[in-house]
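Visitor: Attaching a predicted model along with its sequence, questions to come.
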Amino acid sequence: MNILHKIFVVLLCAVIVYIAGGCVERELTVKTIPDGAIVELNDEQVGISPVTVPFNWYGTYRVRMEKEGYQTLVVNQKLDRPANDYFPLDLLRDIFAPDALDSYEWTFELSPYELPDREQLIKNAQDTKTQTAKAVEEMQAKLDADKK
């Protein structure tokens, strides 16, 4: 058996083991303080916290958590790809640990809902009214100038 034939056999065996070996499972657990919030990942409801879901890709997720009596929390949370998910480490892991599990956990604290202060609401409304009137005047002035 010549050297090229041996290399071919070894590579073929590695490919067969890789294909037959299985793949890495990935799961993400989202916890909230307090428990019991409705959790959405990328606008898809996934369950009530704490909730564990499988996932297929790394990247940024839009996480929305809602619980009665608490402020709704919406965050963009990044899930980084680990070093062992790059070639050749991923191949080695698939060969030697075919049933590997990558598990990640995010914990978010929800703030209790507080009724807004009446005077602050009125002030915010007046400020918005003033800003809107100013913007309308500026837009009208620009339109009038363009007509000339």
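Guide: Looks like it arrived, so ask away. Numbers count the residues shown, from 1 in each chain.
Visitor: And the strands in the protein?
Guide: Under the criterion DSSP state E, the chain contains strands at 25-33, 38-41, 44-48, 51-54, 59-66, 73-79, 101-109.
Visitor: Just say which of those strands is most tucked in.
Guide: Ranked by mean neighbour count under mean count of other Cβ atoms under 10 Å, these are led by strand 38-41, which reaches a mean of 19. For every residue, glycine as well, the C-beta is placed using N, CA and C.
Visitor: Can I get the strands of the chain in CSV including mean pLDDT and distance to K147?
Guide: Putting these into CSV (pLDDT from 0 to 100; distance: least, Cβ to Cβ, whole Å) gives the following:
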stretch, mean pLDDT, distance to K147
strand 25-33, 96, 56
strand 38-41, 98, 49
strand 44-48, 97, 50
strand 51-54, 97, 58
strand 59-66, 97, 44
strand 73-79, 97, 43
strand 101-109, 93, 53
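Visitor: Which of those strands sits closest to K123?
Guide: With Cβ to Cβ, the closest approach to K123 among the strands of the chain belongs to strand 73-79: 25.6 Å.
Visitor: Just give me the neighbour total for A37.
Guide: Other residues near A37 number 25, with proximity taken as other Cβ atoms under 10 Å.
Visitor: I'd guessed it sits against K67; true?
Guide: Yes - taking contact to mean Cβ atoms under 8 Å, the distance of 3.9 Å between A37 and K67 places them in contact.
Visitor: overlap in contacts of the two?
Guide: In terms of Cβ atoms under 8 Å, 6 or more residues apart in numbering, A37 and K67 are both contacted by the residues L110.
Visitor: pretty sure P50 contacts T29?
Guide: Yes - P50 is in contact with T29 according to Cβ under 8 Å; the separation is 6.1 Å.
Visitor: mind giving me the domain ranges of the protein?
Guide: Described in terms of automatic domain parsing, the domain architecture of the chain consists of the residue ranges 3-114, 117-148.
Visitor: center of the protein - which residue?
Guide: In the chain, the C-alpha closest to the average C-alpha coordinate belongs to Y61, at a distance of 1.5 Å (Cα atoms, centre = their mean).
Visitor: quick one on the thing from earlier: would you turn the strands of the chain into CSV with distance to V9?
Guide: Written out in CSV, the entries for the strands of the chain read as follows (distance: least, Cβ to Cβ, whole Å):
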stretch, distance to V9
strand 25-33, 30
strand 38-41, 45
strand 44-48, 46
strand 51-54, 36
strand 59-66, 39
strand 73-79, 39
strand 101-109, 32
